[in-house]
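> My questions are about this predicted structure, shown below with the sequence.
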Amino acid sequence: MADSMVNSLAFSKLNGDNWRHWKFNMEMLLCYDGLFGFIEGTEEEPTGHKVSEKDKIEFRHCKQKAISTIAMGINEDQQNLIIGLKDAKQMWDTLREAFEPISRARIAHLIAEFM
């Protein structure tokens with residue numbers, strides 16, 4: 001199982017300079033594996049008395065796969081940003097905040113918001 005994930009990661013790891021391309025490639029990989037909802041925050045753990053143990057195990061497996069896919073796609077120099085995070089959305093948001101370029105319009109909006 002781990003081999004399939006490693007083989008699927010046929011693009012450069014995030015190194016701080018390649019965010020745009022890495023983000024696109026990682027999104028495509030997560031989509032392909034049916035894990036994109038974990039970085040969007042739309043995947044919720046199944047609850048209720050009608051939920052089978054098999055469904056709960058499958059959810060946890062997918063959650064762990066999303067987390068490990070992201071973590072293994074990052075150079076060691078960048079891993080300090082996400083070490084200790086146990087949620088794919090938190091990891092994704094942390095990386096986006098660290099590497100997503102901020103446009104001048106966004107900066108102007110933020111300045112206006114805090115004045």
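Yes, it's here.

> Nearest residue to the middle of the protein?
W92 (3.8 Å; CA atoms, centre = their mean).

> So it sits against L35, correct?
No. W92 is beyond contact range of L35, at 11.0 Å (criterion: CB atoms under 8 Å). C-betas here are computed from N, CA, C, even on glycine.

> buried residues in stretch 96-104?
Buried positions in stretch 96-104, judged by neighbour count with 16 or more other CB atoms under 10 Å: F99.

> how long is it from one end to the other?
Stretch 96-104 has an end-to-end distance of 17 Å (CA to CA, to the nearest Å).

> and it, how far out from the chain's middle?
Centroid separation between stretch 96-104 and its chain, computed with CA atoms, centre = their mean, to the nearest Å, is 16 Å.

> contacts for that stretch?
The contact list for stretch 96-104 (CB atoms under 8 Å, 6 or more residues apart in numbering) reads 14, 16, 19, 23, 78, 81.

> ok so, going back, how about the contacts made by the residue nearest to the centre of the chain?
39, 70.

> secondary structure element for it?
Secondary structure from DSSP states H and E places W92 in helix 88-99.

> pLDDT of that helix, averaged?
Mean pLDDT, computed over helix 88-99, is 95.

> Over to stretch 24-44?
On average, the pLDDT along stretch 24-44 is 96.

> buried residues in it?
Across stretch 24-44, burial judged by 16+ other CB under 10 Å covers 25-26, 29-30, 33, 35-39, 43.

> Spatially nearest residue to G34, not counting backbone neighbours?
Residue nearest to G34 in three dimensions, not counting chain neighbours: C62, with 7.2 Å by CB to CB, 6 or more residues apart in numbering.
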